[in-house]
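Participant: Using only what follows, build the 3D model:
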Amino acid sequence: MAIDDSSGLFEKDVYVNEQDIEEIKLRFSTKNSRLCALGILLFAKAHADQEGIFTFSQSDFANWVGIQQPHVSTCFDELELFDYIKRIYPNGDQTFVWNGRIVGKRISYKLKVNYVNEGDYKILNNNIRELFDRLFH
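Facilitator: Residues are numbered from 1 along each chain as shown. Below you'll find the predicted structure:
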């Protein structure tokens, strides 16, 4: 069902501004880290709650940005190390089980930088690679 779902990642327009771009450039130098930082930023602007907290599947995120999941995990470690995100681990046993085995825990995230959904650059058709190329090349 999920594969056949054609709904977009974002239900509202999401924008990036010059401050967002400079913040990412200042903190990260590699393509993958910048791409993950941009993805997290876009997702936070679209889906963060009142407290700035949001949750998503890391494997779905990896597919969206086009980076293998183990490399995304490494990038997230770097994003956390350089105070761009905070991972919020669940209290108690909030695990996902498939066919009787644990396949993951629900981890929430919070951006540790200021952000607002405004700017001159808009993500089009959920295409993060096209937006990344416009902003960082």
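
Participant: In which helix or strand does the residue positioned nearest the centre of the chain reside?
Facilitator: Closest to where the C-alpha atoms of the chain average out (Cα atoms, centre = their mean) is Ile40, at 2.3 Å. Element membership for Ile40 (DSSP states H and E) is helix 31-47.

Participant: For that helix, the averaged confidence score.
Facilitator: The predicted model assigns helix 31-47 a mean pLDDT of 97.

Participant: in it, what counts as buried?
Facilitator: By 16 or more other Cβ atoms under 10 Å, the buried positions in helix 31-47 come out as 32-47. Glycine gets a C-beta too; all of them are placed from N, C-alpha and C.

Participant: low-confidence ranges in the protein?
Facilitator: Applying pLDDT under 70 to the chain flags residues 1-10, 91-105.

Participant: Mind jotting down where the helices sit in it?
Facilitator: 18-27, 31-47, 58-65, 69-81, 128-136 (DSSP state H).

Participant: Can you add distance to Ser108 and give the ones you listed back as JSON lines?
Facilitator: Listed next are the helices of the chain as JSON lines, based on distance: least, Cβ to Cβ, whole Å:
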{"stretch": "helix 18-27", "distance to Ser108": "21"}
{"stretch": "helix 31-47", "distance to Ser108": "11"}
{"stretch": "helix 58-65", "distance to Ser108": "12"}
{"stretch": "helix 69-81", "distance to Ser108": "13"}
{"stretch": "helix 128-136", "distance to Ser108": "21"}
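
Participant: most packed of these?
Facilitator: Ranked by mean neighbour count, the helices of the chain are led by helix 31-47 with a mean of 21 (mean count of other Cβ atoms under 10 Å).

Participant: And that helix, what does it pack against?
Facilitator: strand 15-16, helix 18-27, strand 53-55, helix 58-65, helix 69-81, strand 108-111, helix 128-136 (3 or more Cβ pairs under 8 Å, 6 or more residues apart in numbering; DSSP states H and E).

Participant: one more time with 6 Å
Facilitator: Where contact means 3 or more Cβ pairs under 6 Å, 6 or more residues apart in numbering; DSSP states H and E, helix 31-47 is packed against helix 18-27, helix 69-81, helix 128-136.
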